[in-house]
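>>> Provide a 3D model corresponding to the input given below.
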Amino acid sequence: MKALLVKHKWLLAAAAVMLLLLLAAAWRLAAAVGEFSAAKRNLQAVSARLAQLNNRDPFPSPENVALAAENYNELLDNYNELNDRLREGQALPRPMGDSDFIPLLENTLRRLRADFAANRVTLPKDFTFGFAKYAGGQMPASRDIPRLVQQLQITETLCAAVTQSRITELQDLTRDEFEAPVAAETAGGRRGRGSAADADLSDSEENGALFKSQQFILTLRGSEPAIMEFLNQVSALPMFTVITSVDLKNSRPMLQKEQAPAGGTVKPDAPPPADPHERPVVIGREDVVARVVVDVYEFAPSLPVAEAGQE
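Numbering: from 1, shown residues only. Below is the predicted model of the structure:
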């Protein structure tokens, strides 16, 4: 037996090598199977997480909804606080019966004329403060009355600023005439209110605008301090007003340049001709005429907090 083993020892060596190779291969296979199992488990976990994410509704998340609502409420509070301050003292349209407007207008005009006379402010004869057609007896349309009452209140406030500023004369006062002109009768029949007024009312009442404005133009004559005092009075009114334009003109006629005689000679003591590009002095000791354009703003009511988060 020993002789047989010695004789075939190379076969034993080969068998030992084969056994080692089989053991190495088995170990490698077992390691590969373990790695495959781990990778498979990881893949299944990632696939399950992906399916979970795909099956949920990630936007908006409850946290984002709560944060957006909080930010909206804070912004709404800031807006309402500012809007309430802007609305303080503003004149608002006031509904009124058709038969009540004309007496209100007559009483207001009578009160204004008496106030101007008491403060020695001159008015044009039979001045109607921009309400000439209604002072003459024409009835306004029912839909125009609330805004006309508002304009009448604004006019009274502006006139109070005039009488308190020692103005010498109120030469003119015009308001924003929003009413549509009455259309003439045509062959097709009599037309009603024009589309311009309908569009104006639609824009101001139905489009949710945050504010709107109306323009009033006053032509005044007075001294420089009186004009400045009037501008300060208007700027300090409780209602929100903006003076958009002030044009000043000297009430005295400008001196004309002396014309040279036909012969072309000029008197030795005559002053030199004025420079045509030089701007004349407007304000001095004489009264000046000022054309003041005032925009009066009306702000919409503040937004209710109940609308927070609504789209």
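>>> which residues of this structure fall in strands?
Assigned by DSSP state E, the strands in the chain fall at 169-174, 185-186, 189-190, 211-222, 241-250, 288-299.
>>> And the average pLDDT for the second one is what?
This points to strand 185-186. Taken as a whole, strand 185-186 has a mean pLDDT of 36.
>>> got it, and stretch 216-235?
On average, stretch 216-235 scores 95.
>>> One more: stretch 31-38?
Per-residue scores along stretch 31-38 average to 88.
>>> CA atoms of that stretch as CSV?
In CSV, the C-alpha atoms belonging to stretch 31-38 read as follows (Å, rounded to 0.1, in the frame of the first residue of the first chain):
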residue,chain,number,x,y,z
ALA,A,31,-20.0,35.1,-0.9
ALA,A,32,-21.6,36.0,-4.3
VAL,A,33,-25.0,34.5,-3.1
GLY,A,34,-24.8,36.7,0.0
GLU,A,35,-24.0,39.8,-1.9
PHE,A,36,-26.8,39.1,-4.3
SER,A,37,-29.3,38.6,-1.4
ALA,A,38,-28.2,41.9,0.2
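>>> Run the chain-centre distance for it.
Distance of stretch 31-38 from the chain centroid (C-alpha atoms, centre = their mean, to the nearest Å) equals 70 Å.
>>> Where does pLDDT dip in the stretch 201-311 of the chain?
201-207, 251-285, 306-311 (pLDDT under 70).
>>> can you pull the contacts of residue 95?
Applying C-beta atoms under 8 Å, 6 or more residues apart in numbering, we find residue 95 in contact with 145-146. Quick note: C-beta positions are derived from backbone N, CA and C, even for glycine.
>>> Which pLDDT does the model give it?
For residue 95, the predicted pLDDT is 92.
>>> hang on, residue 161 packs against residue 230?
Yes: judged on C-beta atoms under 8 Å, residue 161 makes contact with residue 230 at a distance of 5.9 Å.
>>> Between those two, which is the more surrounded one?
The neighbour count for residue 161 versus residue 230, taken as other C-beta atoms under 10 Å, is higher for residue 230 (25 against 21).
>>> Measure how buried residue 122 is and give me the count.
13.
>>> Test my guess that it contacts residue 163.
No: with contact defined as C-beta under 8 Å, residue 122 does not reach residue 163; the gap is 11.5 Å.
>>> Residues in contact with both of those two, list them for me.
With C-beta under 8 Å, 6+ apart, residue 122 and residue 163 have common neighbours residue 116.
>>> thinking again about what came up before, can you tell which of the strands of the chain is closest to residue 92?
Nearest to residue 92, of all the strands of the chain, is strand 288-299, at 7.0 Å by C-beta to C-beta.
>>> now that closest one, how far from the chain's geometric center?
For strand 288-299, the distance to the chain centre is 18 Å (C-alpha atoms, centre = their mean).
>>> Can you show me the CA trace of that strand as CSV?
Extracted C-alpha coordinates of strand 288-299, given in CSV (Å, rounded to 0.1, in the frame of the first residue of the first chain):
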residue,chain,number,x,y,z
VAL,A,288,-51.5,135.5,-8.2
VAL,A,289,-53.9,133.2,-9.9
ALA,A,290,-53.3,129.5,-9.1
ARG,A,291,-54.9,126.6,-10.9
VAL,A,292,-54.7,123.7,-8.5
VAL,A,293,-55.5,120.1,-9.5
VAL,A,294,-56.4,117.8,-6.6
ASP,A,295,-57.0,114.0,-6.8
VAL,A,296,-59.2,112.7,-4.0
TYR,A,297,-58.8,109.0,-3.4
GLU,A,298,-61.3,106.5,-2.2
PHE,A,299,-60.0,103.1,-0.8
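>>> Which strands and helices lie in contact with that strand?
Using 3 or more C-beta pairs under 8 Å, 6 or more residues apart in numbering; DSSP states H and E as the contact test, the elements touching strand 288-299 are helix 62-87, helix 145-163, strand 211-222, helix 224-235, strand 241-250.
>>> Next, the contact list for the closest residue to residue 130 other than its chain neighbours, please.
Distances taken as C-beta to C-beta, 6 or more residues apart in numbering put residue 175 closest to residue 130, at 4.2 Å, once the chain neighbours are dropped. Residues in contact with residue 175, defined by C-beta under 8 Å, 6+ apart, are 130-131, 151, 154-155, 214-216.
>>> Quick check on those: which are buried?
The neighbour count (16 or more other C-beta atoms under 10 Å) marks 130-131, 151, 154-155, 214, 216 as buried among the contacts of residue 175.
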